[in-house]
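Participant: coords please:
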Amino acid sequence: MSWRTLRFGRTFHHLRRYRHILAVLMKYGFAEAAGRLARGVRKLMGRRAVPRDVKPSERPLTRPQRVRLALEELGPTFIKLGQLLSTRPDLIPPEYAAELEKLQDQVGQEKFENIRGELEKELGGPLEDFFAEFDEEPVAAGSIAQVHRAVTHGGRTVAVKVRRPEIVETIRTECEILQTLAGLYQSTQQPGETIDPVRIVREFTEAVERESDLSHERYNLRRFADSFQDDDTVHIPEVTDELCTRGVLTMEYIDGVKPTDADALSEAGLNSGEIAHRGADLVLRQVFEFGFFHTDPHPGNLFILPGNVIVPLDFGQVAYLGHQDRTLLGELVMAIVQVEPQVMTDAFERADMLSDETNIPRLERDVQQLLEVYHSRPVKDIPFGRVMAQTFDIIRRHHVRPPVEFTLMLKSMMTIERLSSSLDSDFILIDHLRPHARRLMMQQFDPRRIAQQARRTMRDARDLAVGLPGDLSAIIRKVKRGQVQVHVEHEHLFDLVGTMDKSSNRVSFALIIAGLLVASSFLIAQEEGTVLGVVDFQMLGVLGYVVATVLGLWLVIGIIRSRSL
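Facilitator: Numbering: from 1, shown residues only. Next up is the predicted model:
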């Protein structure tokens with residue numbers, strides 16, 4: 001059985017889900033997107049996959065609100081997609097990102113009996129064998145897992161994160177559907193559209209598969225604990241390894257204060273100004289020192305303990321930064337501080353972030369206009385978050401494609417700036433950023449780093465010089481033997497081949513019908529004669545007309561059903 005047959009089988013199995021997705025899109029007023037997808041789904045699975053007579057929602061809503069509600073109605077995987085998109089200002093406008101951020105805390109809780117069954121299956125025994133107490137009501141519920149407070153037999157109070165039952169299978173199935181829909185939507189995109197749905201779904205699939213394996217989060221917790229072990233302003237929850245699996249994560253229970261609860265902070269005697277500065281340092285150290293950072297430090301993922309100690313939570317979403325990403329960040333910060341647009345555009349180009357659609361002169365002009373607004377302002381008056389939001393707007397409009405990790409890094413800094421500014425009205429993130437960026441830029445002139453790069457360059461040049469004669473000789477031998485092949489791929493080549501195949505089949509049918517009509521006309525005109533003494537020529541001509549009529553009707557019906565007149 002071919003892979004195409006297997007894929008069609010899976011797609012047919014998901015017929016009901018396709019209908020639901022299209023119905024929700026139509027309900028919330030996304031008729032254009034639903035129409036694009038419906039045409040592809042109809043070709044793939046027939047008319048049954050496309051719902052009819054869907055009643056649109058009559059609530060007066062903005063477009064971003066309708067997007068959020070549609071994702072909520074489509075379930076956990078789509079909610080997770082919305083959460084990921086809320087952290088990607090390089091892909092969606094700020095008003096959409098702000099609305100999708102509301103998805104963070106709007107996930108219904110799983111029934112306790114289902115959580116209990118999943119927990120016992122993962123740990124390999126009854127719940128009572130592992131915990132002296134276990135609260136049935138969750139303290140937090142996410143799209144992949146939910147968290148319960150419990151007490152071990154040793155008397156430790158812990159937070160138990162349990163994966164929702166069958167969520168892995170659900171995610172795998174829905175990601176297959178998303179990949180199919182993304183491909184269908186991309187095939188109907190018009191020139192100049194900046195969204196790459198296939199790339200978005202691919203990145204989302206990789207991220208959500210990692211997050212659904214809680215052993216990854218356990219590893220992240222350990223790494224953060226090692227990084228901040230000498231920092232008494234940050235506390236990372238301790239993991240209870242013997243009560244952890246791929247579907248269960250047991251860690252220290254944190255009974256702290258939310259940084260957004262001003263009254264609770266005041267009652268606990270906590271200093272909001274100090275928390276603001278420590279929160280910024282928490283993120284900046286991850287970015288500039290460790291190259292390993294929490295991608296979503298929103299207030300729901302932070303607690304404050306006595307002594308203004310910050311406790312980050314939910315380590316399922318992390319990213320790694322290479323030296324090039326950190327260097328690029330340093331260049332952007334210095335370009336903003338020193339108001340040098342050329343530095344920013346040159347940094348984009350060196351990082352290979354410009355696409356074929358990017359008009360470099362227009363990009364430079366827009367960056368110039370952006371930075372000129374802040375030209376005469378002191379550093380303390382430059383709002384980092386606003387500048388970054390405007391920069392992301394330029395990135396989207398000019399088809400600049402930053403690395404995912406770089407975007408997540410900037411987004412995390414914008415998030416912590418928003419939180420810190422709400423805690424301390426005098427907080428200025430760029431004051432914290434500047435020394436880190438300057439230190440990073442100065443590292444480029446470190447003699448040891450320069451010597452290391454020189455040695456690497458010389459080694460690469462030596463390897464190239466040594467291997468070049470052999471490589472050239474191999475290429476010449478292949479040319480002489482006629483073994484050189486040129487492979488050319490086109491993004492929509494398979495669609496073109498399929499269209500040509502259908503067209504040629506229709507032309508063939510038309511020629512056969514025409515031949516039958518002509519031959520039948522000649523036979524009808526014959527007044528005498530038979531074929532093998534059995535059927536006379538006129539009867540055979542009538543039979544030819546009947547066959548030609550049937551084939552003609554079949555061809556016309558096929559063309560009408562495909563809507564390709």
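
Participant: pLDDT score assigned to Gln483?
Facilitator: At Gln483, the pLDDT value in this model is 67.

Participant: ok, Pro403 - contacts?
Facilitator: By Cβ atoms under 8 Å, 6 or more residues apart in numbering, the contact list for Pro403 reads 325, 351, 353. Backbone N, C-alpha and C define where each C-beta goes, glycine included.

Participant: Mind doing that once more with 7 Å?
Facilitator: By Cβ atoms under 7 Å, 6 or more residues apart in numbering, the residues touching Pro403 are Asp325.

Participant: From Arg88, how far out is it?
Facilitator: 12 Å (Cβ to Cβ, to the nearest Å).

Participant: and if you look at Phe288?
Facilitator: Using Cβ to Cβ, one obtains 22 Å as the distance from Phe288 to Arg88.

Participant: Ranking helices and strands of the protein by mean pLDDT, which lands last?
Facilitator: helix 3-13 (a mean of 46; mean pLDDT, DSSP states H and E).

Participant: Look at the spatially most central residue of the chain and report its pLDDT.
Facilitator: With distances taken as Cα atoms, centre = their mean, Phe204 lies nearest the centre of the chain, 3.2 Å away. With respect to pLDDT, Phe204 scores 86.

Participant: mind exporting the helix or strand it falls within as CSV, just the C-alpha atoms?
Facilitator: Taking DSSP states H and E as the definition, Phe204 sits inside helix 197-211. Below are the C-alpha coordinates for helix 197-211, written out as CSV (Å, rounded to 0.1, in the frame of the first residue of the first chain):
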residue,chain,number,x,y,z
PRO,A,197,1.0,28.4,7.4
VAL,A,198,3.1,25.3,6.7
ARG,A,199,6.0,26.7,8.6
ILE,A,200,3.9,27.8,11.5
VAL,A,201,2.2,24.4,11.9
ARG,A,202,5.6,22.6,11.6
GLU,A,203,7.1,24.7,14.4
PHE,A,204,3.9,24.3,16.5
THR,A,205,4.0,20.6,16.1
GLU,A,206,7.6,20.3,17.2
ALA,A,207,6.9,22.6,20.2
VAL,A,208,3.8,21.0,21.4
GLU,A,209,5.2,17.4,21.1
ARG,A,210,8.1,18.5,23.3
GLU,A,211,5.8,20.1,25.8
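
Participant: Mind giving me the packing neighbours of it?
Facilitator: helix 76-86, helix 167-187 (3 or more Cβ pairs under 7 Å, 6 or more residues apart in numbering; DSSP states H and E).

Participant: gap between the first one and the chain center?
Facilitator: For helix 76-86, the distance between its averaged C-alpha position and the chain's averaged C-alpha position is 8 Å (Cα atoms, centre = their mean, to the nearest Å).

Participant: Show residues contacting it.
Facilitator: Helix 76-86 is contacted from outside by 68, 71-72, 91-92, 97, 100-101, 103-104, 107, 143-144, 167, 170-171, 174, 204, 207-208, using Cβ under 7 Å, 6+ apart.

Participant: can you rerun that using 8 Å?
Facilitator: By Cβ under 8 Å, 6+ apart, helix 76-86 touches 67-68, 70-72, 91-92, 96-98, 100-101, 103-104, 106-107, 143-144, 164, 167, 170-171, 174-175, 178, 200, 203-204, 207-208, 211, 296.

Participant: Mind giving me the ChimeraX select for those, buried ones only?
Facilitator: Here is the ChimeraX selection string for the buried members of the contacts of helix 76-86, based on 16 or more other Cβ atoms under 10 Å:
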select :67,68,70,71,72,91,92,96,97,100,101,103,104,107,143,144,164,167,170,171,174,175,178,200,204,207,208,211,296
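
Participant: quick revisit: go through the helices and strands packed on helix 197-211 and pick out the most buried.
Facilitator: helix 76-86 (a mean of 22; mean count of other Cβ atoms under 10 Å).

Participant: could you pull out the strands for the stretch 301-450 of the chain?
Facilitator: Taking DSSP state E, counting those that start in this stretch, the strands of the stretch 301-450 of the chain run over residues 302-305, 309-312, 318-320.

Participant: Reformat those strands as CSV; add mean neighbour count and mean pLDDT.
Facilitator: Compiled in CSV, the strands of the stretch 301-450 of the chain are given as follows (neighbours: other Cβ atoms under 10 Å; pLDDT from 0 to 100):
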stretch, mean neighbour count, mean pLDDT
strand 302-305, 20, 94
strand 309-312, 20, 94
strand 318-320, 18, 86
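
Participant: can I get those in CSV with distance to Asn220?
Facilitator: Shown next, in CSV, are those (distance: least, Cβ to Cβ, whole Å):
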stretch, distance to Asn220
strand 302-305, 16
strand 309-312, 10
strand 318-320, 5
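
Participant: Among those strands, which comes closest to Val542?
Facilitator: Val542 sits nearest to strand 318-320 of all these, at 75.1 Å, using Cβ to Cβ.

Participant: Contacts for the closest one next, please.
Facilitator: Here strand 318-320 has contacts from 220, 291-295, 404-405, 408-409, using Cβ under 8 Å, 6+ apart.

Participant: Quick check: neighbours of that strand in the sheet, parallel or antiparallel?
Facilitator: The strands that strand 318-320 pairs with in its sheet are strand 292-294 (antiparallel) (by DSSP bridges).

Participant: And the strand it pairs with, what's buried?
Facilitator: The neighbour-count check on strand 292-294 (16+ other Cβ under 10 Å) flags 293-294 as buried.

Participant: Stretch 16-32 now?
Facilitator: Neighbour-count burial for stretch 16-32 [16+ other Cβ under 10 Å]: 17-19, 21-28, 30.

Participant: Could I get the full set of helices for the stretch 101-250 of the chain?
Facilitator: Assigned by DSSP state H, counting those that start in this stretch, the helices in the stretch 101-250 of the chain fall at 112-123, 167-187, 197-211, 214-227.

Participant: and of the ones you listed, who's closest to Val479?
Facilitator: Using Cβ to Cβ, the helices of the stretch 101-250 of the chain put helix 197-211 closest to Val479, at 36.0 Å.
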